[in-house]
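**Student:** A structural model of the following input is requested.
(one chain, ligands or ions: 1)
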Amino acid sequence: MLNAASSSRLPWFESLFTWMPWDFNVALPAPVTGLLLVLGTLYARSVYSGNDTSKIYQLGGFSIVNAWTFFNKRYDFLRSNFDKTGHELFAFKVLHYQVVAMSGEDARKTFFNEKRLSFAKGYQLFMGGNPDLKDIKMEAEIEESIELGAFIKRLLKIFRKDRLQDVMPTMFADINGRMEILGAEGKINPFKDIYDLVFQLTVRMTTCEELATDLRMIERMNDLYWKLEKSSTPASLLLPWFPSTARKDKDEATKSLYDILSHYVDLRRKAEEPNSDAIDLLIADGADNVTIVSFVLNIIFAGTVNTGMLASWTLVQLGVNNEWKNKAIAEIQNLLTTYPTNSHDPIHQRLSAIPMTAWEDEMPIIECVTRETLRTIGNGTALRRNLVDDLQVGGKTIDKGAFMAYNLGDVHMNHKYYPDPHKFDPNRFNTAEENSHQGNVPFLGWGTGRHPCAGIKVAKFEIKIILALFLSCYEYELVDPSGKPLKRSPQPDRNDIQKNRPIGEPCFLQYRRTKE
Ligand code: HEM
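**Tutor:** Predicted coordinates:
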C-alpha cells in the first residue's frame, strides 16, 4: 500500500528518466527508495574515481545521467566539471559514446583547426532542431566534405552582395509591413516577434516570391520548425530507432516541411518566365527537388535560430543601455544624411537606398554592439567527432570515434581575455581598443579555423536592417510582464542549446511609433 508517509520521490532519480520516452514520474515505495539511495551513493562515489593521470580524466557516474545533463544542462555540466576536476580535458560517456570536453588554448586550437575532425558528425548526434531529410529517407549519402562544400558554394551564391542589394527594398517592405501590424504603440516579446520576422526574411531570401508573400504559409512553416525543436529530445536523437512520440513528431514535421517546399519548387519549375529568386537559381543550376528542399530547410534553420537570437538580444541590450542606443541611432541618421533621398519618403524606403557597401563597412557602432552582444550570449558548445587513431591534445590521446565538445564560454566568459566578462561593454570592440590588445583576444562568435560561419554577412545585414528600421521609427524601453521598466538586461539561459532565451520571466520591448 502506498501512502504519503511510506512513499517518496527522488528528484535525481526522476531526472534520469525525464528524457526517456515513457513517464517515470511516479511515487516510489519505501524499499525501492532505500535501494535507490544506495545506488545513488554509489553513483556519487564513482563520479571522480579511478583515474590514470597519463590518460584523459574520465568522469564516472551513470552514462544515462551524463546523457541527461549533457543535453538539458549542457553549459552547467561542462563548466561545473571543469571547475571540480581542475583539468583542461575530461571525458565522459553518453550511453556508449565517449565525449571529451575540452578547454584552454591548446585544446581550442586543435578543436578548430585540425582537419581530421568531422564537423557534421559532431553535431549529428547531440544537436537537434534542424530538419534532416535523411530522417524521412530522402537524401542520398554523399561524402561529408563534398556535401558541406556544395552546401556552402550554393549558400555563397544565393547570398552574393548584388543579390542582397536587389532584395533589400523588399526586405525593408517586409519589416515595415510587420511594424504596421504592430500599430502606434504596444509591447512585443522580442524572442517571439523578432524571431518570426527573421524567419520571414530568411524565407524571402532563400525561396520565392509566391511563398515569401504568403504569410499564413510562413506561419505554418514556423510552427513546424517549433515542433522540430520541441521534438529534439535526448531520446529522439540518441535512440532514433525507438518509436517515441518525439521521434514521430520530428519525422512528421520534417515530412510536412518537405511537402510544402517541394510544392513551391514544382511551381517554379512550371513557371513560364524564370526569375532571380533563390529557388529559380537553384533550379537553373540543375538541382533536384530533394537537394533544393534540403538546402533551403537547413538555411532557414541556421539563419533563423542564430540571427533571430542575436537580433533579439541586441534590441534587449539597447533597451537598457541608452548611451549605446543613442549612438546607434546617430549612426543610422548619419548614413541617411550621407546617402540622401527624398526626405518625404517613408523611412523604410530611404533606408533601402543606402548601398550594400555602407551596410557592411560604415556602421562601426552597431558592429561593436552586436559583437559584444554575441560575446555575452554566444556561449554555445561547438561539437566535433574524431576520425583518426592518434589525435594528441595536451599530451593525451583522444580515441578514434570520440566526440569532442568545446564551449565558447571558455573564451567569451574568460577574465583573462574579457575582464568583468558579465559586463556589457561594446567599447571592448572599438577598433582602437582591439588594436591595443594587438589582436590577441580570441572571439569565437562567428566560429574560427576550418569552419567559420558561412552566413556571417547575411546575418549581420539582416540584423542591421531590423535595428535600423526599429531604432529610426520607435522609442522603446525594456519592461517586465507588468510593464515596469527594467534597469538591467536579463541573463541568457546558457543551457538553452537551441535559442539562448532569457532566464526567468519574459521581458518585452514597450514601444511608441515616432516616425513613418
Ligand atoms: C547571428 C547569426 C549567426 C551566428 C552567431 C553564427 C555562428 C556560427 C558559428 C559559431 C559557427 C562555427 C561553429 C563551429 O565551429 O562548430 C558557424 C558556422 C556556420 N554557419 Fe553560422 N552563424 C550565424 C548565422 C548563420 C547564417 C544566417 C547562416 C546561413 C544562412 C549560417 C551558416 C553557417 C554554416 C554553413 C556554418 C558551417 C561552415 C563550415 O562548415 O565551413 N550561419 N556559424
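**Student:** what about residue 123, neighbour count?
**Tutor:** When counting by other C-beta atoms under 10 Å, one arrives at 16 neighbours for residue 123. Heads up, the C-betas are built off the backbone N, CA and C, glycines and all.
**Student:** Do I have it right that it meets residue 381?
**Tutor:** No - shown here, residue 123 and residue 381 do not form a contact pair, counting by C-beta atoms under 8 Å, at 10.1 Å.
**Student:** ok and the residue in the chain nearest the ligand?
**Tutor:** residue 455 (2.1 Å; C-beta to the nearest ligand atom).
**Student:** list the buried ones in stretch 254-265?
**Tutor:** Using 16 or more other C-beta atoms under 10 Å as the test for burial, stretch 254-265 gives 254-258, 260-261, 264-265.
**Student:** Need the CA coordinates for it. PDB is fine.
**Tutor:** The C-alpha coordinates for stretch 254-265 follow below in PDB (Å, rounded to 0.1, in the frame of the first residue of the first chain):
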ATOM      1  CA  THR A 254      10.200  17.200 -41.500                       C
ATOM      2  CA  LYS A 255       7.900  15.500 -44.000                       C
ATOM      3  CA  SER A 256       5.400  18.400 -43.900                       C
ATOM      4  CA  LEU A 257       8.100  20.900 -44.400                       C
ATOM      5  CA  TYR A 258       9.400  18.900 -47.300                       C
ATOM      6  CA  ASP A 259       6.000  18.700 -48.900                       C
ATOM      7  CA  ILE A 260       5.400  22.500 -48.600                       C
ATOM      8  CA  LEU A 261       8.800  23.400 -50.100                       C
ATOM      9  CA  SER A 262       8.700  20.800 -52.800                       C
ATOM     10  CA  HIS A 263       5.300  22.200 -53.900                       C
ATOM     11  CA  TYR A 264       6.900  25.700 -54.400                       C
ATOM     12  CA  VAL A 265       9.800  24.200 -56.300                       C
END
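**Student:** quick one: what helix or strand has residue 121 in it?
**Tutor:** In the assignment (DSSP states H and E), residue 121 maps to helix 119-126.
**Student:** Which residues does stretch 411-419 contact?
**Tutor:** 108, 375-376, 378-379, 421-422, 428, 441-445 (C-beta atoms under 8 Å, 6 or more residues apart in numbering).
**Student:** So what angle separates the directions of whichever helix or strand residue 107 is part of and helix 119-126?
**Tutor:** Per DSSP H and E: residue 107 is located in helix 105-113. Going by axes from the mean of the first three to the mean of the last three C-alpha atoms, to 10 degrees, helix 105-113 is angled at 100 degrees with respect to helix 119-126.
**Student:** which of the residues in helix 105-113 are buried?
**Tutor:** 107-108, 110-112.
**Student:** cool, stretch 308-326 as well?
**Tutor:** 308-321, 324-325.
**Student:** out of the residues you listed, who's near the ligand?
**Tutor:** The overlap between these and the neighbours of the ligand (C-beta under 6 Å from any ligand atom) comes to residue 310.
**Student:** From the buried residues of stretch 308-326, pick the one nearest residue 234.
**Tutor:** residue 309 (21.9 Å; C-beta to C-beta).
**Student:** Am I right that the closest one is in a helix?
**Tutor:** Yes - assessed by DSSP: H, G, I helix; E, B strand; the rest coil, residue 309 belongs to a helix.
**Student:** Tell me who's in contact with it.
**Tutor:** 195, 377, 499-500.
**Student:** Contacts for the helix holding residue 107, please.
**Tutor:** In contact with helix 105-113 (C-beta under 8 Å, 6+ apart) are residues 88-89, 102, 117, 382, 384, 391, 393-394, 404, 406, 410-411, 442, 447-451.
**Student:** Grab the nearest non-local neighbour of residue 316.
**Tutor:** Among residues not flanking residue 316 along the chain, residue 489 sits closest, at 5.4 Å (C-beta to C-beta, 6 or more residues apart in numbering).
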